[in-house]
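K.L.:
when you get a sec, could you give me coordinates for this:
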Amino acid sequence: RVTEMSGKYKAVASSAITNGKPVFVHTDGTVKQVSETTTNINESLASEVTWHSSSGAYPRSAVFVPIQNKIVITYEGNNSDLYSIVCNVASDGALTFGTATKVYSASGFPGGTPKGNGNLVSIGSSKIVAVYQRGNQGMAAVGTISGTSISWGSEAEFEDSHSSNGEMNPKATYDEEASRLVISYSDKDSSGYGRIKLGTISGTSISYSSEITYQNSFDVGNGIVAYDPVAKRIIVTYTDNNSYGRMVAGTVSSSSISFGSHVVFESAVTTIGNMSAFDNNVNKLLIPIKAHSSNGAGKIFEVTINTSNNLASTGGAYTFVSPGGNGITSNVLPCVAHFAGTTKSVISYSVFDDGKDFEYRVATVPANISWSFSGATDVEAGGTDAGIVVYDSNIGKFVFFYTDNSDSNKGQARVLQLATTVVSSNLTSENFIGIASGGTYPTAAEATIDIVGTVNKDQTSLTAGQTYYVQTDGTLGTSADDPSVVAGTAISATELIVKG
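P.N.:
Here you go, the predicted structure:
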């Protein structure tokens with residue numbers, strides 16, 4: 001209630017309030033001091049959830065679509081058709097799935113069986129692009145998400161390869177700076193040379209640039225193409241005629257790419273992983289591989305791009321699975337996903353131990369310090385022939401999608417919550433009402449609050465003429481926090497005109 005003293009409000013304190021501190025009002029009319037609460041959350045792996053209940057579901061790729069806050073998966077069925085399904089992850093980790101939608105049908109096409117994994121790319125607010133090899137053709141299709149449904153436009157061929165055998169290993173990323181889809185592949189019509197097509201998206205249609213060659217000395221093997229949003233460059237990784245791991249960085253324009261020098265990052269037989277990630281804590285791309293020369297050891301590389309000459313470099317290899325008889329398999333290539341804003345990443349892979357266990361490890365990557373890895377945790381101990389991991393930045397959790405060999409090859413998913421500390425505040429953009437005055441108040445006492453237009457005289461060390469904002473921890477600061485709430489303007493070191 002407003003008292004006879006203009007600009008003063010008196011209300012019951014729901015908990016202790018310190019003099020001079022920002023205060024907000026509850027829906028029941030009581031008041032409380034603005035503060036933060038710290039909650040420690042332990043690592044936990046949720047139980048399996050079935051997303052494909054019949055036999056035969058082999059995940060190929062997954063992508064998180066930020067504005068929709070949905071995950072889209074592509075998977076191959078027993079009939080060799082390529083399907084997609086939309087997954088929603090609730091704040092408590094509960095999974096719900098839409099109805100599976102066919103991206104394409106292998107039947108009716110000569111050699112229509114999919115080869116390799118291909119991948120998915122998120123573009124804009126509701127679009128994704130699936131890139132894949134159907135038979136001997138390189139294809140892409142644009143999907144539109146609505147809720148937990150997805151509809152696909154017509155296939156857009158980017159490469160018509162007439163060779164009867166061989167994988168093009170198509171992979172794609174989206175260059176946000178150039179607004180271009182970037183598709184890398186091995187051109188089987190031309191000795192397997194490394195090519196790129198740039199795609200322009202309009203609705204559900206894709207138009208392509210002419211072929212761009214990034215390697216014309218040998219048949220390139222599998223790899224990943226990824227975008228570095230800080231350097232604003234792409235990185236193409238591939239294997240050479242010795243099966244060594246190589247990479248090259250480039251700047252994309254509307255219809256061309258300016259490449260730097262090619263770099264060998266693994267001087268031994270290499271199979272490059274299925275999915276990379278960008279670590280926004282150290283601003284580097286993360287590339288996982290299987291190192292055959294080390295009996296199937298799993299390694300990961302941090303990639304830095306020098307923007308002055310487009311030269312890519314790594315800080316060396318970090319081994320997450322040691323060489324030996326339990327090395328990682330080739331049918332479930334390693335994937336990495338980053339826990340945004342932290343030093344943590346999750347790596348998924350399959351090992352030969354006990355029938356191709358599907359596992360994960362948590363990597364800790366402090367800036368300019370060597371990586372460390374947790375022990376292995378089984379996602380599926382019964383074996384898998386396909387498995388991937390993706391990070392949902394909306395709720396801060398990871399989701400594994402995999403084939404459960406121990407249960408008729410059904411499609412299963414599990415949610416991973418990493419150990420973390422969550423800091424929350426009781427401040428919103430609307431509930432701030434003023435500054436406590438007249439003393440400190442215990443719980444249930446009637447507190448006096450200086451509201452808008454009143455001068456609060458209980459501050460210290462303010463700068464006259466400076467605007468102050470309420471911080472989420474209950475202090476005052478000269479920069480806006482999130483949410484942005486103006487506390488007032490200082491007129492002296494101890495006085496603040498409350499504005500709200």
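K.L.:
spit out the contact partners of Pro483.
P.N.:
The contact partners of Pro483, taken as CB atoms under 8 Å, 6 or more residues apart in numbering, are Leu427, Thr428, Ser429. Where you see a C-beta, it was placed from the backbone N, CA and C, and this is true even at glycine.
K.L.:
6 Å instead, please
P.N.:
Ser429 (CB atoms under 6 Å, 6 or more residues apart in numbering).
K.L.:
name the element it belongs to?
P.N.:
Under the criterion DSSP states H and E, no helix or strand holds Pro483.
K.L.:
ok, it to Gln471 distance?
P.N.:
As judged by CB to CB, to the nearest Å, Pro483 and Gln471 stand 11 Å apart.
K.L.:
thought Thr421 was touching Asn40?
P.N.:
Yes. The pair Thr421 / Asn40 is scored as a contact, 5.5 Å apart, by CB atoms under 6 Å.
K.L.:
what sits up against the helix or strand hosting Val236?
P.N.:
Using DSSP H and E, Val236 falls within strand 233-239. The contact list for strand 233-239 (CB under 6 Å, 6+ apart) reads 182, 184, 194, 214, 220-221, 223-227, 246-252, 270, 272, 285, 287, 303, 305, 312.
K.L.:
dump it to PDB, restricted to CA.
P.N.:
Presented in PDB, the C-alpha positions along strand 233-239 are these (Å, rounded to 0.1, in the frame of the first residue of the first chain):
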ATOM      1  CA  ARG A 233      35.500 -19.200 -42.900                       C
ATOM      2  CA  ILE A 234      34.800 -22.800 -43.800                       C
ATOM      3  CA  ILE A 235      37.100 -25.800 -43.100                       C
ATOM      4  CA  VAL A 236      37.100 -28.900 -45.400                       C
ATOM      5  CA  THR A 237      38.600 -32.000 -43.900                       C
ATOM      6  CA  TYR A 238      39.300 -35.100 -46.000                       C
ATOM      7  CA  THR A 239      41.600 -38.100 -46.500                       C
END
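K.L.:
what's the offset of that strand from the middle of its chain?
P.N.:
Its chain's C-alpha centre and that of strand 233-239 lie 19 Å apart, by CA atoms, centre = their mean, to the nearest Å.
K.L.:
check stretch 209-222 too.
P.N.:
28 Å.
K.L.:
mind listing what's buried in that stretch?
P.N.:
For stretch 209-222, the buried set under the neighbour-count rule, 16 or more other CB atoms under 10 Å, comprises Ser209, Ile212, Tyr214, Gln215, Asp219, Val220, Gly221, Asn222.
K.L.:
report the secondary structure state of Ser217.
P.N.:
coil (DSSP: H, G, I helix; E, B strand; the rest coil).
K.L.:
same thing with the one 5 residues further on?
P.N.:
Here Asn222 is recorded as coil under three-state DSSP.
K.L.:
on that earlier part again, and the helix or strand just after the strand holding Val236, what does it pack onto?
P.N.:
As assigned by DSSP H and E, the chain's next helix or strand after strand 233-239 is strand 245-252. Packed against strand 245-252 by the contact rule (3 or more CB pairs under 6 Å, 6 or more residues apart in numbering; DSSP states H and E) you find strand 233-239, strand 257-259, strand 263-266.
K.L.:
hey, C-alpha coordinates of strand 245-252 in PDB?
P.N.:
Extracted in PDB, the C-alpha atoms of strand 245-252 (Å, rounded to 0.1, in the frame of the first residue of the first chain):
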ATOM      1  CA  GLY A 245      43.900 -36.600 -42.600                       C
ATOM      2  CA  ARG A 246      44.100 -33.300 -44.400                       C
ATOM      3  CA  MET A 247      42.200 -30.000 -44.200                       C
ATOM      4  CA  VAL A 248      41.900 -26.700 -46.000                       C
ATOM      5  CA  ALA A 249      40.200 -23.400 -45.000                       C
ATOM      6  CA  GLY A 250      38.400 -21.000 -47.400                       C
ATOM      7  CA  THR A 251      36.500 -17.800 -47.700                       C
ATOM      8  CA  VAL A 252      33.100 -18.200 -49.400                       C
END
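K.L.:
quick one: contacts for Ser44?
P.N.:
Taking CB under 6 Å, 6+ apart, one finds Gln417 in contact with Ser44.
K.L.:
now do it against Lys397, distance only.
P.N.:
Relative to Lys397, and taking CB to CB, Ser44 is found at 10 Å.
K.L.:
low-confidence regions, the stretch 101-250 of the chain specifically.
P.N.:
Counting by pLDDT under 70, the stretch 101-250 of the chain shows low-confidence ranges at 105-117, 161-165.
K.L.:
picking that back up, rebuild the helices and strands packed on strand 245-252 as JSON lines, extending it with distance to Val103 and mean neighbour count.
P.N.:
Listed next are the helices and strands packed on strand 245-252 as JSON lines, based on distance: least, CB to CB, whole Å; neighbours: other CB atoms under 10 Å:
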{"stretch": "strand 233-239", "distance to Val103": "24", "mean neighbour count": "26"}
{"stretch": "strand 257-259", "distance to Val103": "27", "mean neighbour count": "18"}
{"stretch": "strand 263-266", "distance to Val103": "32", "mean neighbour count": "18"}
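K.L.:
in a markdown table, list those along with distance to Pro334.
P.N.:
Below are the helices and strands packed on strand 245-252 laid out as a markdown table (distance: least, CB to CB, whole Å):
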| stretch | distance to Pro334 |
| --- | --- |
| strand 233-239 | 13 |
| strand 257-259 | 26 |
| strand 263-266 | 13 |
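K.L.:
looking at these, which is closest to Glu176?
P.N.:
strand 233-239 (10.6 Å; CB to CB).
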